[in-house]
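Engineer: Okay, here's the prediction I keep looking at, along with the sequence it came from:
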Amino acid sequence: MSDDESRVNCQRLLPYSAVLVRQYLEIIRNKSSNKMSKAKVVIKTISLCLLLAGILFAALAFLLPPTSFMLTSPEFTMKKSMLLSLSLMTLCCGLLFPKIVSINGRKFKVSWSLITYVGVGILFVLLAIIPVGIKYWSAFELQRELDTKEKNLKRLVDTDSKEMLLRMLVISEYPHIGSSRISDFEKVSLLREWAARNTDSSNRDGLLDRPSERNTYSRTFSYYRQDAPTIYAAFMADRGGVWCGGAAYALGKLYELFGYNAFSVGIGVPGTSAQHTYTLVQINDEGRRILSIQDAYLNITYVHPGGKPMDYFELLDLLTQRRHEEVLLTGSASSTRREELRFYDRDLFSKTHRIYTVDRFQKQFENQLTTYYENRGFPKNILFLHLSFLNFHSGSPPEGRNVFLIKLSEHGLFQARSVRSDNSET
């Protein structure tokens, strides 16, 4: 039985209950004039107590705000449903008790048929309560876990040394990041790996980087104004998730924390949801400065066949020359499992694990991508989506936006109509 059904049934029974309560009080007060036996008084009193208890339970469910229970939202919702169901059962018992137990001379007479009907009704109510209880109890357990995480992460958010603490956390999980013996490319790839595993995703209602009716925390969080420690603390506390745009922004902020210049760009089919966002980070590679493509959402990067890191403009050159077989994707997308939060009510969510890969992206937007390949004369390969630049999603290139756009034009990049890439469904 749902919360609304219980509320409607209680509202229907309350007027009848109030009338009976007034009658019972009058009868008990005037029992001597009505020559009522003590047994009848006991029956009426028990019935009256049951009715009063039902009214009390209904009042608790209707009148008291969540703060009166001092409970979190999931626990309060569960308690309210239980109170309404309990009120309904108690009111029914109070109304039927005088009919179940009557006086025959000086003996009590019990109507076993009515008891059977009432018992079956109570059983059905209990069976209806069980799914509600299971649903909200799981939400309550998640809320308890969230509170525990918030206590553990309070230091990370509230202290001046939060940047240092985040760096220590990352290096504790990937010790090679703190070593001077590895190259820039290896270091930024390890940072991407850490970010991919610690960036929550979610359904649309649970997104952290845009206001949501169901995820109230997102309304005041201002995701794209936060620094890396604040963002990853929110992920660790299960405050919400992001798609590719939010993942690219978080990775860019993480790179900045470790001393790298980074920004994110959007690519895709203009006017459709087949769009994607990734991060470009400037690194040193054997004496030259390159822009390495790092994708925290798919957990991949791009290299030459020999494993040498590929510059963003080298990628564009190879694609414009249709030499896409010389571009290799490397990473661990097939094994990257991140938490996915699915919000289904106001601040209530379930938590699973999700793997999002390039193949899944292609299947999700197969029709839009096929049209794009045909219109542009490209082979059917997801790599050619890079030749449709949409916009700067966040940040700016080190040399400036105009210089970057001129380089794009010099490399024969198709000039797509600029749209916001954070509307992607990835």
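Structural biologist: Great, that's in hand.
Engineer: switch to C-alpha atoms for all contacts and neighbour counts from now on
Structural biologist: Noted.
Engineer: what residue ranges in this protein score low on pLDDT?
Structural biologist: Residue ranges of the chain with pLDDT under 70: 1-44, 61-82, 85, 94-122, 124-160, 332-337, 344, 346-347, 412, 414-426.
Engineer: Could you pull out the buried residues of the longest strand seen in the chain?
Structural biologist: Using DSSP state E, we find that the single longest strand of the chain is strand 275-285. Residues 275, 276, 277, 278, 279, 280, 281, 282, 283, 285 are the ones in strand 275-285 that count as buried (16 or more other C-alpha atoms under 10 Å).
Engineer: got the CA positions of that strand in PDB?
Structural biologist: Taking Å, rounded to 0.1, in the frame of the first residue of the first chain, the C-alpha atoms of strand 275-285 are listed here in PDB:
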ATOM      1  CA  GLN A 275      28.700  14.700 -28.200                       C
ATOM      2  CA  HIS A 276      31.600  14.100 -26.000                       C
ATOM      3  CA  THR A 277      34.100  16.100 -23.900                       C
ATOM      4  CA  TYR A 278      37.700  15.300 -22.900                       C
ATOM      5  CA  THR A 279      40.700  17.000 -21.400                       C
ATOM      6  CA  LEU A 280      43.800  18.400 -23.100                       C
ATOM      7  CA  VAL A 281      46.900  18.700 -20.900                       C
ATOM      8  CA  GLN A 282      50.200  20.300 -21.800                       C
ATOM      9  CA  ILE A 283      53.200  18.000 -21.100                       C
ATOM     10  CA  ASN A 284      56.900  17.700 -22.000                       C
ATOM     11  CA  ASP A 285      57.700  14.800 -24.300                       C
END
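Engineer: can you list contacts of that strand?
Structural biologist: 183-185, 244-245, 247-249, 251-252, 255, 260-269, 289-297, 309, 312, 393, 421-426 (C-alpha atoms under 8 Å, 6 or more residues apart in numbering).
Engineer: immediately after it, which helix or strand?
Structural biologist: Downstream of strand 275-285, the first helix or strand assigned by DSSP states H and E is strand 288-295.
Engineer: Which positions within that following strand qualify as buried?
Structural biologist: 290, 291, 292, 293, 294, 295.
Engineer: same deal with stretch 186-205?
Structural biologist: Within stretch 186-205, the residues that count as buried by 16+ other C-alpha under 10 Å are 187-205.
Engineer: quick check: domain ranges of this protein?
Structural biologist: 3-141, 164-423 (automatic domain parsing).
Engineer: so residue 391, which of the three states?
Structural biologist: With DSSP: H, G, I helix; E, B strand; the rest coil as the basis, the three-state label of residue 391 is strand.
Engineer: What ranges does this protein have for its strands?
Structural biologist: Using DSSP E, strands in the chain cover 101-104, 107-110, 201-202, 262-268, 275-285, 288-295, 300-303, 328-331, 338-345, 348-354, 388-394, 414-415.
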